[in-house]
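Q: Please find the sequence and the predicted model below.
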Amino acid sequence: MWTSTRFTERIGCRYPIVQGPMGGGASTPELVAAVSNAGGFGSLGAYHLEPAEILRAAAEIRRLTDKPFALNLWIPRAQEDPGSQVDATRALARLQPYRDELGLPPLAEPPAPGVQDFERQFEAVLQARPAVFSFIFGLLPAPMAAAARKQGILLIGTATTVEEAEALEASGVDLVCASGFEAGGHRGSFLRPAEQSLTGTLPLIPQVVSAVRVPVLAAGGIADGRGVAAALVLGADAAQIGTAFLMCRESGANTLHRAALADRERARRTALTRAFTGRLARVLANRFTEEMAQPPSELLPYPLQNAITREIRLAAARAGRDDLLGLYGGQGAPLASPRPAGDLVAALAAETGAVLERFCG
């Protein structure tokens with residue numbers, strides 16, 4: 001029975017299908033609950049939320065479902081070097097033409113970055129007591145891991161290399177999410193620069209499965225039942241899917257983002273870029289990613305680059321300008337289509353079962 005894995009047994013869900021914890025409002029309590037109610041495992045990306053907002057979101061999820069779910073945060077780390085030393089004046093000058101197009105006044109200096117207090121966020125997670133706390137961009141400090149275990153909260157850490165998976169297991173996580181470079185959104189690398197940690201899902205998963213003893217979630221480019229089946233055959237205990245759930249009506253993606261993902265021809269072209277936030281992320285290619293990739297590379301490290309592009313992104317969304325938006329999406333986007341989250345979980349389960357029955361008997 002393909003539905004019975006170490007993941008489903010440990011978590012208590014019907015299918016080894018995980019909705020990726022997309023942050024910035026992309027995952028919503030409605031999406032998380034719909035996925036969990038349908039037999040999958042819903043996850044809320046909460047790195048952008050204040051502690052009180054985390055508690056409200058968790059309460060709303062519980063109002064909508066009595067099934068298990070995860071809350072996800074970003075581990076704080078030192079500013080990332082995008083590869084060159086760029087002063088703020090040059091970075092702001094590079095963005096001024098876009099501000100002019102959108103009717104935004106010049107910026108004299110970068111605004112203060114909006115970064116949340118991780119310790120307070122984590123305290124809110126402990127108070128919310130989700131079934132799982134998942135995290136990205138590093139290792140959870142040992143005292144925090146102990147506090148989570150004391151509350152009965154399982155831990156999932158994200159790895160983009162075998163070495164990161166081994167480090168996560170040594171730190172005491174209960175499960176590892178191995179994320180191939182096909183995945184949409186930010187790359188969660190933490191032992192080496194993200195550009196040096198671009199292993200694809202197909203070779204990454206079996207290597208991680210062989211290297212660690214804890215259950216492994218496969219992520220990156222999975223968008224249909226064939227991908228879920230492949231992940232399970234490679235030894236994973238569950239498949240994590242982001243972009244396909246981003247297209248569901250319950251997600252927080254805006255109209256422009258949904259339309260771009262639903263355009264299969266456009267969704268075939270993705271790019272890895274630091275231009276929006278200062279951290280490497282996979283997005284749908286557009287004018288901004290192409291022009292900002294041209295030398296010289298005038299990018300500030302995260303969170304400064306995120307701060308100086310924020311007004312551009314907000315104004316572009318208001319103006320209907322998806323050529324200047326960060327449209328996060330993985331390489332599997334053309335395989336997905338808009339539908340309710342519950343229908344997507346059901347379709348993924350049916351397709352996975354059919355594929356495994358065909359090839360495995």
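A: Arrived safely. Not measured: the values here are computed from a predicted model.
Q: All the strands of the chain, in order from the start?
A: 17-19, 42-45, 69-74, 132-136, 154-159, 175-179, 185-186, 216-219, 238-241, 270-273, 281-284 (DSSP state E).
Q: Just send the ones you listed back as JSON lines, with mean neighbour count, distance to Ala57 and mean pLDDT too.
A: Using the backbone N, CA and C atoms, a C-beta is placed for each residue, glycine as well. Output for the strands of the chain, formatted as JSON lines (neighbours: other CB atoms under 10 Å; distance: least, CB to CB, whole Å; pLDDT from 0 to 100):
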{"stretch": "strand 17-19", "mean neighbour count": "30", "distance to Ala57": "15", "mean pLDDT": "98"}
{"stretch": "strand 42-45", "mean neighbour count": "28", "distance to Ala57": "6", "mean pLDDT": "98"}
{"stretch": "strand 69-74", "mean neighbour count": "26", "distance to Ala57": "8", "mean pLDDT": "98"}
{"stretch": "strand 132-136", "mean neighbour count": "25", "distance to Ala57": "14", "mean pLDDT": "98"}
{"stretch": "strand 154-159", "mean neighbour count": "26", "distance to Ala57": "18", "mean pLDDT": "98"}
{"stretch": "strand 175-179", "mean neighbour count": "30", "distance to Ala57": "21", "mean pLDDT": "98"}
{"stretch": "strand 185-186", "mean neighbour count": "25", "distance to Ala57": "19", "mean pLDDT": "98"}
{"stretch": "strand 216-219", "mean neighbour count": "29", "distance to Ala57": "22", "mean pLDDT": "98"}
{"stretch": "strand 238-241", "mean neighbour count": "29", "distance to Ala57": "20", "mean pLDDT": "98"}
{"stretch": "strand 270-273", "mean neighbour count": "19", "distance to Ala57": "29", "mean pLDDT": "98"}
{"stretch": "strand 281-284", "mean neighbour count": "24", "distance to Ala57": "23", "mean pLDDT": "98"}
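Q: shaky segments in the stretch 1-150 of the chain?
A: Within the stretch 1-150 of the chain, the ranges that satisfy pLDDT under 70 run 78-85.
Q: how far away is the nearest residue to Gly24 once chain neighbours are set aside from Thr160?
A: Once flanking residues are discounted, Gly24 sits nearest to His48: 5.4 Å by CB to CB, 6 or more residues apart in numbering. Using CB to CB, to the nearest Å, His48 is found at 21 Å from Thr160.
Q: more neighbours, the two?
A: Shown here are His48 and Thr160; by other CB atoms under 10 Å, Thr160 has more neighbours (29 against 16).
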